[in-house]
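Participant: Everything below, folded, please.
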Amino acid sequence: MTRTPARRLAEVAKKVGVSEATVSRVLNGRAGVSDSTRESVLTALDVLGYERPTQLRGERARLIGLVLPELQNPIFPALAEVIGGALAQRGFTPVLCTQTAGGLSEADYVDMLLEQHASGVVFAGGHYHELAAPHDHYRLLRSRGVPVLLVNAAIENLDFPCVATDDIIAAGQAFRHLASLGHERIGLLLGPEDHMPSRRKLTAFTEHVQQAGFSVAPVEHALFSLEGGQAAATRMLRRGVTGIICASDVLALGAIRAVRRTGLDVPADVSVVGYDDSGWLNSTDPPLTTVRQPIESMGKAAVALLVNQMESASFQSEELLFEPELVVRQSTGPAPAHVLKTADAS
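Facilitator: Purely as a prediction, here's the structure:
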């Protein structure tokens with residue numbers, strides 16, 4: 001084979017902590033190198049961006065793609081920390097693939113990971129949530145036999161294992177909390193209409209509203225952003241809601257801003273419940289009542305399921321549902337004694 005450039009030998013040797021001669025033996029397929037050292041050299045080659053020698057390209061690298069939609073929402077860095085740590089403990093190198101405006105798409109990242117012979121991919125938030133989004137890159141991974149794990153509810157027929165927070169239980173916890181405080185005008189603020197976790201929350205919310213017999217229960221959809229939450233909550237407030245359940249903490253912070261800009265108070269006039277429980281929410285003003293996703297348990301289970309796929313070369317497209325926990329803080333309180341004016345009366 002073509003000799004490896006001296007610079008490549010030196011960089012890989014330094015990365016792994018072995019001699020250049022050892023790296024050369026690995027790249028030339030020679031004996032006398034332990035399996036663990038061979039794996040380390042090949043992983044370092046991938047991490048440094050070098051192509052593997054032709055005869056080694058059929059082997060899977062010990063790289064795992066972790067594809068995230070963003071890092072501004074604190075839930076995604078939290079997931080990355082748990083999943084990345086669990087992968088490292090098992091000897092894998094996580095490769096963080098974050099989408100940014102004008103940057104690489106999910107499909108672009110999938111192409112890159114396939115070129116690097118990644119051993120598997122974890123998607124935590126992405127197009128698999130959305131009915132109207134492109135899904136061909138997921139099917140490409142399936143056709144190549146690359147193990148994939150999804151975090152939270154996916155569209156049907158992708159046939160990948162999934163770990164998810166139980167959205168039905170989450171919506172019920174938030175609704176019952178507000179109802180127990182005397183709220184009878186409760187709104188639900190969700191993500192886009194084709195977003196599967198939001199759809200599940202809507203199903204549960206609708207059932208609870210019908211059982212309670214509440215007449216004011218508006219539902220709004222928005223992009224998962226502070227601005228989206230503010231705009232949607234402003235529309236809700238015109239209908240006289242006294243409680244707002246949000247599909248993310250970021251949406252909830254937008255809702256609180258909307259309440260204040262309307263001249264009302266949280267929670268004296270309007271109570272707000274979030275979803276995720278980002279690490280800093282006990283420091284907001286007021287500290288946010290939210291439904292906590294069990295990130296630690298979900299992240300470890302995700303890695304275990306992914307590794308099981310790699311080791312057994314088979315999988316079941318099962319969904320593991322994890323129960324969330326309502327964390328009550330100061331953004332919720334008793335329903336106001338006065339009845340807010342509602343646009344429905346006009």
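Participant: what does stretch 273-293 rub up against?
Facilitator: Identification of contacts with stretch 273-293 by C-beta atoms under 8 Å, 6 or more residues apart in numbering yields 73-75, 78, 165, 170, 173-174, 177-178, 243-249, 251-253, 256, 266-267, 271-272, 322, 324-332. Where you see a C-beta, it was placed from the backbone N, CA and C, and this is true even at glycine.
Participant: Could you rerun that using 6 Å?
Facilitator: Residues from elsewhere that reach stretch 273-293 (C-beta atoms under 6 Å, 6 or more residues apart in numbering): 74-75, 165, 170, 173-174, 245-249, 252, 324-332.
Participant: for this protein, what spans make up the helices?
Facilitator: 6-16, 20-27, 35-47, 75-89, 106-115, 136-144, 167-180, 196-212, 226-237, 249-261, 295-312 (DSSP state H).
Participant: which stretch among those helices comes nearest residue 130?
Facilitator: When those are compared by C-beta to C-beta, helix 196-212 sits nearest residue 130, at 7.5 Å.
Participant: show me the contacts for the residue nearest to residue 26 when sequence neighbours are not counted.
Facilitator: Distances taken as C-beta to C-beta, 6 or more residues apart in numbering place residue 41 nearest to residue 26, at 4.3 Å, with adjacent residues excluded. By C-beta under 6 Å, 6+ apart, the contact set of residue 41 is 16, 23, 26.
Participant: For the lowest-mean-pLDDT helix or strand in the chain, list the C-alpha coordinates in CSV.
Facilitator: For the chain, scoring each helix and strand by mean pLDDT, DSSP states H and E identifies helix 35-47 as the least confident one, at a mean of 80. The C-alpha coordinates for helix 35-47 follow below in CSV (Å, rounded to 0.1, in the frame of the first residue of the first chain):
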residue,chain,number,x,y,z
ASP,A,35,-6.6,-5.4,19.7
SER,A,36,-7.0,-2.4,22.1
THR,A,37,-4.1,-0.5,20.6
ARG,A,38,-5.3,-1.3,17.1
GLU,A,39,-8.7,0.1,17.9
SER,A,40,-7.1,3.2,19.5
VAL,A,41,-5.0,3.9,16.4
LEU,A,42,-8.0,3.5,14.0
THR,A,43,-10.1,5.8,16.2
ALA,A,44,-7.4,8.4,16.4
LEU,A,45,-7.1,8.3,12.6
ASP,A,46,-10.8,9.0,12.3
VAL,A,47,-10.8,11.8,14.9
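Participant: relative to helix 20-27, how tilted is that helix?
Facilitator: Here helix 35-47 points in a direction 90 degrees away from that of helix 20-27 (axes from the mean of the first three to the mean of the last three C-alpha atoms, to 10 degrees).
Participant: Go through helix 35-47 and flag the buried ones.
Facilitator: 37, 38, 39, 40, 41, 42, 43, 44, 45, 46, 47 (16 or more other C-beta atoms under 10 Å).
Participant: How about stretch 80-88?
Facilitator: Quick answer for stretch 80-88 (16+ other C-beta under 10 Å): 80, 82, 83, 84, 86, 87.
Participant: Correct me if wrong: the second one contacts residue 299.
Facilitator: Yes: Residue 82 is in contact with residue 299 according to C-beta atoms under 6 Å; the separation is 3.1 Å.
Participant: Can you pick out the ones from the contacts of stretch 273-293 that are in strands?
Facilitator: 165, 245, 246, 325, 326, 327 (DSSP state E).
Participant: Neighbours of residue 33, how many?
Facilitator: When neighbours are counted by other C-beta atoms under 10 Å, residue 33 registers 18.
Participant: so who does it touch?
Facilitator: Contacts of residue 33 (C-beta under 6 Å, 6+ apart): 25, 26.
Participant: what's the distance between it and residue 26?
Facilitator: 6 Å (C-beta to C-beta, to the nearest Å).
Participant: separation between residue 43 and residue 124?
Facilitator: 22 Å.
Participant: Over to residue 10?
Facilitator: 36 Å.
Participant: Helix 6-16 and the least confident helix or strand of the chain, what's the angle between them?
Facilitator: Going by the same axes, to 10 degrees, helix 35-47 makes 120 degrees with helix 6-16.
Participant: re the thing from before, nearest to residue 67, of the helices of the chain?
Facilitator: Here helix 106-115 is closest among the helices of the chain (C-beta to C-beta), at 5.5 Å.
Participant: For residue 147, the count of nearby residues, please.
Facilitator: 26.
Participant: Residue 20 too?
Facilitator: Applying other C-beta under 10 Å, I find that residue 20 has 16 neighbouring residues.
Participant: Check residue 301 too.
Facilitator: Using other C-beta under 10 Å: residue 301 sits among 18 other residues.
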